[in-house]
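> just the structure for this:
(2 chains)
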Amino acid sequence: MTLMKSLMGAAAAVALTAGAALAEPALIFDLGGKFDKSFNEAAHNGAQRWANETGGKYREIELQSEAQREQALRRFAEAGANPIITMGFAMADPLSTVAPDYPDTKFVVVDVTWLDAPNLRQVGFAEHEGSYLVGMMAAMASESGTVGFIGGMDVPLIRHFGCGYAQGAKAVNPDVNVIANMTGTTPAAWNDPVKGSELTKAQISQGADVIYAAAGGTGVGVLQTAADEGILSIGVDSNQNHLHPGKVLTSMLKRVDVAVYEAMKAGDGVETGVFVMGLADDGVGVAMDENNKELVSVRMSDAVDEARKGIINGDINVVSYYENDSCPALQF
Amino acid sequence: MEKMPKWADVILIPLISLLLAAILSALVILAIGENPIDAVKLMVTGALGSTYGWGYTLYYATNFMFTGLAVAVAFHARLFNIGGEGQAMLGGLGVAIICLSVPWPHWSIALLAACAASALFGAAWAAIPAYLQAKRGSHIVITTIMFNFIAAAFLNYMLVNIMKPAGSQDPATARFPEATHLPSFQSMFSTADNVVFRGAPANISFFVAVLACFVVWALIWRTRLGYEIRAYGHSETGAVYAGISPVRITIIAMLISGGLAGMMAINNVMGEAERLVLNPTEGAGFIGIAVALMGRSHPFGVFLAALLFGFLYQGGAELALWTQIPRELIVVIQALVILFTGALDNMVRMPLEKLFLGMRKRAE
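Model (predicted):
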């Protein structure tokens, strides 16, 4: 009897807190899940940072199916969550139908910049610019004249990364040979370190001695194998230099965590519109710390600094893969 | 002599298996510090407590009915088709091509054409493994599962390089034109002052799936072809002795199976997404195996099992939305149900059979 009572009490408490949840931000992770060591995890880190600093609470869901995209958006909006932060280009289509139905709710989407809605904050990143810089470093660090790129799933976004990388490498050494491989064609490609390791070995056998991984959790395998085989690797999204100190040349930073943190901090007053974060506002960049200090020569860091300035003031034009669905420096 | 009455075989065993799975799931939920009774309540109200919840439950159930029937038909010929995933992807490609390339005047005509196209593409994808099994003896399990990966790669290539609208960053086709949009339950059952199924993806293809259940039942138990398929499934040598061609039955059963799996696309691609995205099937092809196992390869059983899995999917989504129960645990719950109803069938069956035999002896 007492057990029953306490259970009923717990049920009532849950029901009460569910009703009282107002104006909390909500975060919708993409299918990769929040611990993907990459894109979604960066969002999770940003949200955790906000929660730790402010003591605030937020709702979250890791999507499991395509049909849940619109469902999660609507359920959070109807429960009064504000703002609702969503991750990834696949949210563009559901947002374009859901956002107009809830004009008083602010929606934030990362990796989408092409929608038109007054209550939507769209945050994009100039990944090709950051990849250009790490491409330069790869070509300068390479002794064999061959550098590698390992992508996750073969989608335009990852080609966009690879395209910037190849352009950067060719800007330093026009004769450099860039090998590009994609891990797979299913979402499993984002979380397949074993396949990443195999691809790394295959690229090493083709002569690559610096390999850039833009593959989510798969990249962990790339970095590990590169370190084991004594070549250099380049991390992505968050700073992965510390994973193998002295073996990771650098990491291409994409500050998804900052985008999520700032949106949560602004709360329901978050500014709407399209925001592309590039080199100028440190939305993307290269990671320099004590772990890769000895790998980066003065000549290298000078060249990167110069190129960074050149890209910001427009002297260097890094072609985006999206412009005409093709890359001038790399064939996929 | 039957070991136990039919009702026990059809109803009692699945129910006990479900109960065992539920108890074990409750223990797991308890172990991570959540309240299992709240969780069950949330799942039931979320999936069945409103027309909205039903709208999602029936949407998932529609997918599982098609893939479950696909596996069931192949089972009757003792073929294990685990390529439903790939066949459904190709069905989606067929639907997308049909919807985007022809200016359809009305959704009803588009639906008929999409049914035909999705079944054709799904069947074509099943035809190669079927031929290899029938003529070359390559095992159907190996070939169909390999064809799932080929289908994923093929779909990826088509979307990223050919069907994606120029300049779009999302690897998906353009939206299908307005005229091909299927009526959803919301537009079918809502009145002016009472909106039901609001925003839910269930649509008219649910009725196509129910119709498919009837057709498969009639095919398997009321036609000569169905008799041949069952005869071949029970004994190949017996079937050959009776003049039934194994090659013909293998290929026909796999074509029907692939066609049914492909037809899932009218629900998820045409009815819900209204465009073709990467990975449109999301494992429904594999859930179909569990659905067919649990439904004892009978269309009515498949119907019920599909509803159950629809409930688990939608209830699981509600759990993920409103509790801290991680989504991996929801997969664990679904896996327990599959484990108990499919793989551990004999664990419940054997003691029950003993029990019934004992009761019968005592009665004698």
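> buried stuff in stretch B:188-198?
B:196-197 (16 or more other Cβ atoms under 10 Å in any protein chain shown). Where you see a C-beta, it was placed from the backbone N, CA and C, and this is true even at glycine.
> any idea how far apart the tips of it sit?
Start-to-end span of stretch B:188-198 (Cα to Cα, to the nearest Å) is 11 Å.
> distance from the host helix or strand of residue B:15 to the middle of the chain?
Under the criterion of DSSP states H and E, residue B:15 resides in helix B:13-31. Averaged C-alpha coordinates place helix B:13-31 at 22 Å from its chain's average position (Cα atoms, centre = their mean, to the nearest Å).
> what are the contacting residues of it?
For helix B:13-31, the external contacting residues (Cβ atoms under 8 Å, 6 or more residues apart in numbering or on different chains) are B:35-36, B:39-40, B:294, B:308, B:325, B:329, B:332-333, B:336-337, B:339-341, B:344-345, B:348-349, B:352.
> of the residues you listed, select the buried ones using a PyMOL command.
Burial among the contacts of helix B:13-31 is assessed by 16+ other Cβ under 10 Å; the matching PyMOL selection reads:
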select buried, chain B and resi 35+36+39+40+294+308+325+329+332+333+336+337+339+340+341+345+348+349+352
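> could you give me the buried positions within the helix or strand hosting residue A:70?
In this assignment (DSSP H and E), residue A:70 forms part of helix A:67-78. Buried residues in helix A:67-78, counted by 16+ other Cβ under 10 Å: A:67-77.
> ok, then the element right after that helix?
strand A:84-87.
> picking up where we left off before, okay, the helix holding residue A:70 in CSV with CA atoms only?
Provided in CSV are the C-alpha atoms of helix A:67-78 (Å, rounded to 0.1, in the frame of the first residue of the first chain):
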residue,chain,number,x,y,z
ALA,A,67,9.0,11.3,-38.8
GLN,A,68,10.1,12.6,-35.4
ARG,A,69,11.6,15.8,-36.7
GLU,A,70,8.3,17.6,-37.1
GLN,A,71,6.8,15.8,-34.1
ALA,A,72,9.6,16.9,-31.7
LEU,A,73,9.4,20.5,-33.0
ARG,A,74,5.6,20.7,-32.6
ARG,A,75,5.6,19.0,-29.2
PHE,A,76,8.3,21.3,-27.8
ALA,A,77,6.6,24.3,-29.2
GLU,A,78,3.2,23.4,-27.8
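> run through who's touching it.
A:26, A:28, A:59, A:61, A:63, A:84, A:86, A:90-91, A:94-95, A:97-98, A:101-102, A:105, A:107, B:56, B:59-60, B:199, B:201, B:268, B:272, B:317, B:321.
> centre of the chain to it, how far?
23 Å.
> circling back to that earlier point, now, of the contacts of helix A:67-78, which are buried?
By neighbour count, with 16+ other Cβ under 10 Å, the contacts of helix A:67-78 hold A:26, A:28, A:59, A:61, A:63, A:84, A:86, A:90-91, A:94-95, A:98, A:102, A:105, A:107, B:56, B:59-60, B:199, B:201, B:268, B:272, B:317, B:321 as buried.
> what mean pLDDT would you report for the helix holding residue B:15?
Averaged over helix B:13-31, pLDDT sits at 89.
> for that helix, buried residues please.
B:13-14, B:16-18, B:20-22, B:24-26, B:28-29.
> I'd like to know which of the buried ones among the contacts of helix A:67-78 are part of strands.
Cross-referencing these against strands under DSSP state E gives A:26, A:28, A:59, A:61, A:84, A:86, A:107.
> which one of those is nearest to chain B?
residue A:61 (5.2 Å; Cβ to the nearest Cβ).
> for the closest residue to chain B within the stretch 151-300 of chain A, give me its contacts.
Residue nearest to chain B within the stretch 151-300 of chain A: residue A:185 (3.7 Å; Cβ to the nearest Cβ). By Cβ under 8 Å, 6+ apart, the contact set of residue A:185 is A:153-154, B:152-153, B:155-157.
> pLDDT score for it?
For residue A:185, pLDDT reads 84.
> for it, what are phi and psi?
Phi and psi for residue A:185, reported as degrees, to the nearest 10, are phi -120, psi 10.
> how close does it get to residue B:110?
Per Cβ to Cβ, to the nearest Å, residue A:185 is found 29 Å from residue B:110.
> and residue A:122, helix, strand or coil?
Following DSSP: H, G, I helix; E, B strand; the rest coil, residue A:122 is assigned to strand.
> so what pairs up with it in the strands?
residue A:109, residue A:274 (DSSP bridges).
> who touches the closest residue to chain A within the stretch 51-200 of chain B in this structure?
Here the residue of the stretch 51-200 of chain B nearest chain A is residue B:156; by Cβ to the nearest Cβ that distance is 3.7 Å. Going by Cβ under 8 Å, 6+ apart, residue B:156 touches A:153-154, A:185-186, B:171, B:278.
> next: residue A:28.
Per Cβ under 8 Å, 6+ apart, neighbours of residue A:28: A:60-61, A:63, A:69, A:72-73, A:76, A:84-87, A:91.
> and which of these is nearest to residue A:202?
Nearest to residue A:202, judged by Cβ to Cβ, of those is residue A:87 at 30.8 Å.
> residues touching the closest one, list them.
Listed by Cβ under 8 Å, 6+ apart, the contact set of residue A:87 reads A:27-30, A:39-40, A:43, A:109-111, A:256.
> what's opposite it in the beta bridge?
Bridge pairing for residue A:87 - DSSP bridges - gives residue A:110.
> could you tell me which residues make contact with the residue nearest to the spatial centre of chain B?
Nearest to the centroid of the C-alpha atoms of chain B, with distances taken as Cα atoms, centre = their mean, sits residue B:64, at 2.3 Å. Residue B:64 makes contact with B:284, B:287-288, B:291, B:305-306, B:309-310, according to Cβ under 8 Å, 6+ apart.
> is it possible to get TSV of these that adds distance to residue A:138?
Shown next, in TSV, are the contacts of residue B:64 (distance: Cβ to Cβ, whole Å):
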residue	distance to residue A:138
B:284	41
B:287	43
B:288	46
B:291	49
B:305	53
B:306	51
B:309	48
B:310	49
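> and which of the residues you listed is nearest chain A?
Once Cβ to the nearest Cβ is applied, the member of the contacts of residue B:64 that ends up nearest chain A is residue B:284, at 9.1 Å.
> what number of residues are in the vicinity of the closest one?
26 (other Cβ atoms under 10 Å in any protein chain shown).
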